[in-house]
Structure formats: C-alpha cells, structure tokens
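[1] Below are the sequence and a predicted model; questions follow.
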Number of protein chains: 2
Amino acid sequence: MKKAVILLSGGLDSATVLAIAKNEGYECYTISFDYGQRHRAELDASKQLSTAFGAEVHKVINIDLTSIGGSALTDKTIAVPESHEEGIPITYVPARNTVFLSIALGWAEVLGAEAIFVGVNSVDYSGYPDCRPEYIAAFETMANLATKTGVEGNKLRIETPLIDLSKQAIIEKGMDLGVDYGLTVSCYQADEHGQACGECDSCRFRREGFKQANISDPTRYRF
Amino acid sequence: MKKAVILLSGGLDSATVLAIAKNEGYECYTISFDYGQRHRAELDASKQLSTAFGAEVHKVINIDLTSIGGSALTDKTIAVPESHEEGIPITYVPARNTVFLSIALGWAEVLGAEAIFVGVNSVDYSGYPDCRPEYIAAFETMANLATKTGVEGNKLRIETPLIDLSKQAIIEKGMDLGVDYGLTVSCYQADEHGQACGECDSCRFRREGFKQANISDPTRYRF
C-alpha cells in the first residue's frame, strides 16, 4: 500500500489535508511538532485527528524553536497582533516549514513513503514566504538530491492539495470528506482548552471561511 | 561586521571550516546538534572549538533523530561497519544535513547572517547524497525562497569551503589557520572521552589524511 507522511498541525488546513490523503488511498503517517509554540492545544488536536482518520502512527517531534525566536509564536515577549499587518507578519516563524518538512523528509525516507502532504496555501495565506508554490517546488527538488531514495531514482513528491484553494473551498472539501472541524484548533493563541481568541489573523480567516461556506462555525471561542 | 552561522560537529572538517570563516572576517555563530548520535563526545569537542576560535555564541539544539532511526548512527541496533561498503553506507542519517541546515537557516535569518558555513566534502566523502555540490546548490535556492530575508532580496549563501578538497588539503589548510586537531573528534563511535576506534570510515579517512599531509596524527585512539 502506498505510504504518505502528513504534516499535522491540528488546524483546519492540515486536518483537511489528512482527509484528502486518506481519501486518495494512502497509508497515513502523521507528524506534529512540539516547537515551543504558544498554542500548544494544537498538539492534542493533532493526536485526536490522527486517531479519527485511522493513521498508522502519530509521531510528535520535540524541536525547541524558542531558542532561535524571531516570531510572535516562539518568543513570548512579542505579542500576537490583533489587526492585519502589511507584508510578512510577525507570526512568521523563521524557516519553520523548512525545518518541519526536513524532519518529515527523514521519516519519509525511513518509511519508504512516496509523498509528504502539507497544508500550505497561497490564497488566504498570511504572507508567509514558505507557503508559496515556488518554495514548495524548490524544496521538492532539493529533497530528491538530499536522500538515498532520491539518488536511487525513487522520486518523493511534496503534495500541497490546498495550495490554490480559498478557505471556503477548503472547508467545503473537508466537510465532504467527513472532517470534524470542532476537533481542530487554528488560533495563534488558543488557550489550554483549545478555545480561540477570535481576533488573530488565523481566527479571522477561519471565521470568514465558515461564513462564506454557509456552514455553522464549530470553533470554540473564549467569549 | 558580517555574520555567519557555522555548523560545528566537533570533527576535523567543521573545525577547519570555523577557522576559515573566522579568517575571512566573519563574526561566527556556531551551532551543534544533540540528535541522539552514538558519538556524543563530539558535543564537548564542539564547545571547546567554538571557544578556542572566539565565536560569539555557541548554540546546541536538541532534535531526537533516534525516533526516526534508519542509520547506524541513530539506531543502536545497527552496528557501525568496520570495512568500507559499496554505495551509500549505513552510517548515512536520512535527511540529517537538510534538518541541520534548515535549523541553521532559521537562526541565520534571526541573526541577519549572510552565510551558513558547512563542512561537506565530495572527495573523501563517504557516499552521502547530502554532501554533493548539486544538493548544496538546491538547498541554497530553496533557502532564499523560504525566508523573509530572501523575499526582501538579501541573498543567503551556503558556503562549503571544503567541497572539493582532499582530507590532506583540509588538514594542511587547518594547520595554517591554527586548528588544534587534538580537540576534534571524528570517530563514528568515539567513547565518552572522545577516544577513537580507528576502524570506521571516518577514522580511516582521517588517519590517511594526516599520513598524506606528513603531519603527526593527534587523534586519541582507544588502543
């Protein structure tokens, strides 16, 4: 059976990606990262989602990105903004997707997986450079030069099924595939119960998505 | 002053790279990885080398690659071979250089560094795919698409000053720049005192290098 590694953050996007990979017939291996993020409730959400979709293994990797800092998500002295910024926002975590994809690449090689699925999105995305199609293409090229698998001619694909979808379209697709969005946590500053602030970029994109899809928003807000 | 992040494993190659970066006038930020490797003595060696060359900061990142495994260096059930293998050897750690360079990339962005130095070598190298020039070039391209710095037009370079040097030439260069190779640990299965086995690929390449350079070998062997 064909295998895939799925980057699972516990948010709306990655939950949808897991559902898509499962629906495409992959044996799914989910991976989450405990990197010192503010919104640790997403780690519990990831575990529940992995179980709900019958993934083979759920792996949690500890990698302390707070020792590098440089982002509102990994440096507690930098506040999460509640209004949209121009340009690349302060919630951007330097090289985060590259670090996560690289560790997933190592696991994919050991498993003999043929794809890594990641929920990056360049439409509703918050201006993060490492969510753009040209970045993903460059990572895939690099990945196939980095590994024994690549040298031996077994090409690994980086699959980004959400790359050009609106939040509305992502939610509609996930609903079709049976995603329980009540399990997911998107908020950059969710509390320990997974309750959302309703104010950060991530909350606003998500709320707008449910509204546009005309679907009742299952998000648990703090207010 | 121009800044660089230096990947410092504590071995002969990375010690030489640190000396080269320093000699080129960089303010040096050294980074080592506690990844569950057999040869943990290299972590002490890294710290000593960083101090010896007056690096600004020495950072040790914990990233447990034993949970992925797939290599004699990260899976204790796989023995380190004592004769040279054909092809890519079992000491190859899946995606290791990619993981290390990615974390260094995040730090380089936060620091505003203009280069990452890494001691990969494609001459005496042990058949590792992630030591080849084409891999390094692909990583550099990807890195400049991944980051805010890259988007803003500040190109980061991946510097590989040893890429086409023989072990002999590396040692000669390092001696000119004042590297104390007695501080370095190259052995894949060095003991806790940093004493080398003398039998693994890494020991053999190193010993041969000192012999060809006609320099007394300062390596501390177990026998």
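    Ah, there it is. Quick caveat, the model's predicted, so the values are computed rather than measured.

[2] Show me the helices in chain A, by range?
    Remark: helices assigned in chain A by DSSP state H are A:12-23, A:41-52, A:96-111, A:133-146, A:148-151, A:167-176, A:201-213.

[3] Provide a list of residue ranges in chain A with pLDDT below threshold.
    For chain A, the stretches flagged by pLDDT under 70 are A:84-85, A:124-126.

[4] Select the longest strand from it.
    When chain A is parsed with DSSP state E, its longest strand is strand A:27-34.

[5] Tell me if that one is near chain B.
    No: contact of strand A:27-34 with chain B is not found when judged by C-beta under 8 Å from any C-beta of the partner chain; the minimum separation is 9.7 Å. C-beta coordinates here come from the backbone N, C-alpha and C atoms, glycine included.

[6] what are the pairing partners of that strand, and which direction each?
    strand A:3-7 (parallel), strand A:57-62 (parallel) (DSSP bridges).

[7] Run through who's touching the first one.
    In other words, strand A:3-7. A:14, A:17-18, A:21, A:26-32, A:55, A:100-101, A:104, A:107-108, A:111-119, A:159 (C-beta atoms under 8 Å, 6 or more residues apart in numbering or on different chains).

[8] could you measure the residue of chain A positioned farthest from its centre against residue A:109, distance?
    For chain A, the largest distance from the centre (C-alpha atoms, centre = their mean) belongs to residue A:152, which lies 29.3 Å off. Applying C-beta to C-beta, to the nearest Å, the value for residue A:152 to residue A:109 is 10 Å.

[9] Could you do residue A:34 as well?
    Note on residue A:34: its distance to residue A:109, by C-beta to C-beta, is 22 Å.

[10] of these two, who's got more company?
    Legend: neighbour count by other C-beta atoms under 10 Å in any protein chain shown for residue A:34 and residue A:109, higher for residue A:109 (24 against 15).

[11] is it true that that one touches residue A:151?
    No: with contact defined as C-beta atoms under 8 Å, residue A:109 does not reach residue A:151; the gap is 10.8 Å.

[12] on that earlier part again, need the helices of chain A in a markdown table (columns: distance to residue B:5).
    Shown next, in a markdown table, are these (distance: least, C-beta to C-beta, whole Å):
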| stretch | distance to residue B:5 |
| --- | --- |
| helix A:12-23 | 29 |
| helix A:41-52 | 29 |
| helix A:96-111 | 14 |
| helix A:133-146 | 18 |
| helix A:148-151 | 25 |
| helix A:167-176 | 36 |
| helix A:201-213 | 30 |
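
[13] rewinding a little: list the buried residues in the longest strand of chain A.
    For strand A:27-34, a neighbour-count test (16 or more other C-beta atoms under 10 Å in any protein chain shown) marks A:27-33 as buried.

[14] Return the closest of those with respect to residue B:50.
    Set against residue B:50, the nearest of the buried residues of strand A:27-34 by C-beta to C-beta is residue A:33 (27.0 Å).

[15] quick one: contacts for that closest one?
    Counting by C-beta under 8 Å, 6+ apart, residue A:33 has contacts A:60-63, A:99-100, A:103.

[16] which strand residues sit across from it in the sheet?
    Applying DSSP bridges to residue A:33, the residues it is bridged with are residue A:61.

[17] Test my guess that residue A:179 contacts residue A:19.
    Yes: proximity of residue A:179 to residue A:19 meets the contact threshold set by C-beta under 8 Å, at 5.0 Å.

[18] Name the residues contacting each of the two.
    Jointly contacting residue A:179 and residue A:19 under the rule C-beta under 8 Å, 6+ apart is no residue at all.

[19] if we can go back for a sec, what are the phi and psi angles of the residue farthest from the centre of chain A?
    phi -80, psi 0 (degrees, to the nearest 10).

[20] That one and chain B, how far apart?
    8 Å (C-beta to the nearest C-beta, to the nearest Å).

[21] still on that earlier bit, closest to residue A:82 out of the strands paired with strand A:27-34?
    Nearest to residue A:82, of these and by C-beta to C-beta, is strand A:3-7 at 26.9 Å.

[22] Between helix A:12-23 and that closest one, find me the angle.
    Angle between the axes of strand A:3-7 and helix A:12-23 is 170 degrees (criterion: axes from the mean of the first three to the mean of the last three C-alpha atoms, to 10 degrees).

[23] ok now strand A:3-7, how far from the chain's centre?
    Computed by C-alpha atoms, centre = their mean, to the nearest Å, the chain-centroid distance of strand A:3-7 equals 12 Å.

[24] I'd assumed residue B:149 was in contact with residue A:92.
    No: at 10.9 Å, residue A:92 does not count as touching residue B:149 under the criterion of C-beta under 8 Å.

[25] Just want the phi and psi numbers for the residue nearest to residue A:69 when sequence neighbours are not counted.
    In space, and not counting its chain neighbours, residue A:69 is closest to residue A:75: 4.2 Å by C-beta to C-beta, 6 or more residues apart in numbering or on different chains. Note on residue A:75: backbone dihedrals following degrees, to the nearest 10 are phi -130, psi 110.

[26] Residue A:75 touches residue A:66, doesn't it?
    Yes: Residue A:75 lies in contact with residue A:66 (C-beta under 8 Å); the separation is 6.8 Å.

[27] Could you check which of these two is surrounded by more residues?
    residue A:75 (18 against 15).

[28] So that one versus residue A:115, what's the distance?
    33 Å.
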